[in-house]
Every structure is written in structure tokens, then in C-alpha cells.
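# from the sequence below, what's the structure:
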Amino acid sequence: MTTHSFTLHIPDAVLEPEPLDPAQIVSGTPEVTGKVVWESPDGRQVRGIWQITPGVVTDTEADEMFVVVSGSATIEVEGGPTLTVGPGDMAVLRAGDRTTWTVHETLRKAYAINL
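All right, here's what the predicted structure looks like:
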């Protein structure tokens, strides 16, 4: 993690395994990898890259904005909209949103989360 301004080519970034809680997996054998590239000193702002392979998972979201770099997914927000995302799409999720992600092709995104 860096403390200075930087650039990073997202498609080539090397990611580390981030094991999913088995209770989150609805179907398939999705695998998650990621990399935090910047975090504020108080830990309340996080910037990074996240990737998930095809499958269906559930999550409870943080306050997040992300941009999809590759892949595609459908994100069903409980009591809200169904979002279809692919390369070049930006999405905003609200803290506390309960979601179901159906990942059609391995999805890689760059994200900014506020905790």
C-alpha cells in the first residue's frame, strides 16, 4: 500500500485470495480475490480492486462506488432495483443493502468504500 499518489493498471494487478464465508454462497463455486491499494489512516476509507468468478453469492454492502473493468453480473438489491453491470459501468451501493450477486463471467472492479 502506498502513501503517495500513484497509478495502477487494473487488468494486470495481482490479487490475493479473499475466502468467502460458505454461508454466502448460493450456487456454484465462486472464488474471490482482491487487493487494497489505499486506506485512510483511520481505516474508514478503502480503495482497491476486487474480483469474483462465476456463481451466486449474497452480501451485505458497505457504502461503495465501483467501476467494472471486466466481466458481468446481475446484482439484486433486496427491496430495491436489480442492477446489471459490465465493463465500463459504475454502480453505487448503500451501506446495509442486502444483495444477491449472480456473476455471469469473472468480474473485476475498482472500488471506493466508506465505512
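# just the strands in the protein please.
Using DSSP state E, the strands of the chain run over residues 16-17, 25-27, 32-39, 45-52, 55-60, 63-77, 82-85, 90-93, 98-114.
# tell me the bridge partners for the residue nearest to the spatial centre of the chain.
Using CA atoms, centre = their mean, the residue of the chain that lies closest to the mean C-alpha position is Trp50, 4.8 Å off. In this entry, Trp50 is beta-bridged to Gly34, Lys109, by DSSP bridges.
# that one contacts Arg108, doesn't it?
Yes. Using CB atoms under 8 Å, Trp50 makes contact with Arg108 at a distance of 7.4 Å. For every residue, glycine as well, the C-beta is placed using N, CA and C.
# list residues touching both of those two?
The overlap between the contact sets of Trp50 and Arg108 (CB atoms under 8 Å, 6 or more residues apart in numbering) is empty.
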